[in-house]
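K.L.:
Give me coordinates for this.
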Amino acid sequence: MSVDHASAVAAPKSDPVFLHVKAGMTVIVTDTDGAWRMADVIWVDGGARNPKVPTLFQVADVDTGVINWINADLVTHIVPRV
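P.N.:
The predicted structure follows:
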């Protein structure tokens, strides 16, 4: 009996959200435990292999004002401007 192993690998539907984030945007950051928060992006830091690909963001928490660095892949949404 043959097994179709190709069905377990799905092609990405679109680019990851963090590739479109720029300084000045407001984003939703989801932590590994599922908690989320809204933050303003202050600085976008590129990777060592390709500086144009963001790997770290310096963000300011909207509620508390605390500034910290986060991994780019923790950004799940970009908040649209009104």
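
K.L.:
So what's the residue count around H77?
P.N.:
Other residues near H77 come to 13 when the count uses other C-beta atoms under 10 Å. Where C-beta positions appear, they are placed from N, C-alpha and C, glycine not excepted.

K.L.:
before we move on, what SS does it have?
P.N.:
Each residue gets one of three states, and H77 gets strand by DSSP: H, G, I helix; E, B strand; the rest coil.

K.L.:
For it, give the beta-bridge partners.
P.N.:
Taking DSSP bridges as the rule, H77 bridges to I28.

K.L.:
From N50, how far off is it?
P.N.:
For H77, the distance to N50 under the criterion C-beta to C-beta, to the nearest Å works out to 24 Å.

K.L.:
Can you tell me how far the nearest residue to T76 once chain neighbours are set aside is from M38?
P.N.:
Once flanking residues are discounted, T76 sits nearest to T30: 4.6 Å by C-beta to C-beta, 6 or more residues apart in numbering. As judged by C-beta to C-beta, T30 and M38 stand 11 Å apart.

K.L.:
Between strand 75-79 and the lengthiest strand in the chain, find me the angle.
P.N.:
Identified as the longest strand of the chain according to DSSP state E is strand 36-46. For strand 36-46 and strand 75-79, the angle between their directions (axes from the mean of the first three to the mean of the last three C-alpha atoms, to 10 degrees) works out to 100 degrees.

K.L.:
after strand 36-46, next one along is what?
P.N.:
Using DSSP states H and E, the helix or strand that directly follows strand 36-46 along the chain is strand 54-61.

K.L.:
how far off strand 36-46 does the next helix or strand after that next one point, in degrees?
P.N.:
Once the chain leaves strand 54-61, the next helix or strand it forms, by DSSP H and E, is strand 67-71. Between strand 67-71 and strand 36-46, the angle comes out at 80 degrees (the same axes, to 10 degrees).
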